[in-house]
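*Asks:* pasting the structure only:
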């Protein structure tokens, strides 16, 4: 508003007014785009939160799982991917990736590493 009022009173030149106005317009467009991106990120996070809560409810319903049967397997796991064998270390190693329902992939190495304080 101030720049418009100053332009009306003849303070900045028309050329400078157009330049500053263009800068402000570009900034406004950028801020609107950032707000839209943040809204989309929030929606994704909310969906992820809901999916995680559903998965936790399923896990709690089973309590302590002693034996994995077909029903539990189909209810909790979407897919299991087994990689090709790798003999480069001198012994057979094979990667396994489990895609869980509701939450997707959970890296196994992050779950099994011991953490120290």
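*Replies:* Yes, it's here. Please read these numbers as outputs of a predicted model, since none were measured by experiment.
*Asks:* domains in the protein, by residue range?
*Replies:* Using automatic domain parsing, the domains assigned to the chain come out as 1-63, 64-117.
*Asks:* reformat these as JSON lines; add mean pLDDT and mean neighbour count.
*Replies:* C-beta coordinates here come from the backbone N, C-alpha and C atoms, glycine included. Shown next, in JSON lines, are the domains of the chain (pLDDT from 0 to 100; neighbours: other C-beta atoms under 10 Å):
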{"stretch": "domain 1-63", "mean pLDDT": "81", "mean neighbour count": "11"}
{"stretch": "domain 64-117", "mean pLDDT": "80", "mean neighbour count": "10"}
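*Asks:* where do the helices sit along the chain?
*Replies:* 2-8, 14-62, 70-76, 108-112 (DSSP state H).
*Asks:* would TSV of these with distance to residue 90 be doable?
*Replies:* Output for the helices of the chain, formatted as TSV (distance: least, C-beta to C-beta, whole Å):
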stretch	distance to residue 90
helix 2-8	72
helix 14-62	38
helix 70-76	33
helix 108-112	21
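*Asks:* what's the closest of the ones you listed to residue 85?
*Replies:* Residue 85 lies closest to helix 108-112 among the helices of the chain, at 17.4 Å (C-beta to C-beta).
*Asks:* how close does residue 67 sit to residue 73?
*Replies:* Per C-beta to C-beta, to the nearest Å, residue 67 is found 11 Å from residue 73.
*Asks:* then residue 85?
*Replies:* Counting by C-beta to C-beta, the gap from residue 85 to residue 73 is 24 Å.
*Asks:* ditto for residue 48
*Replies:* Taking C-beta to C-beta, one finds residue 48 at 23 Å from residue 73.
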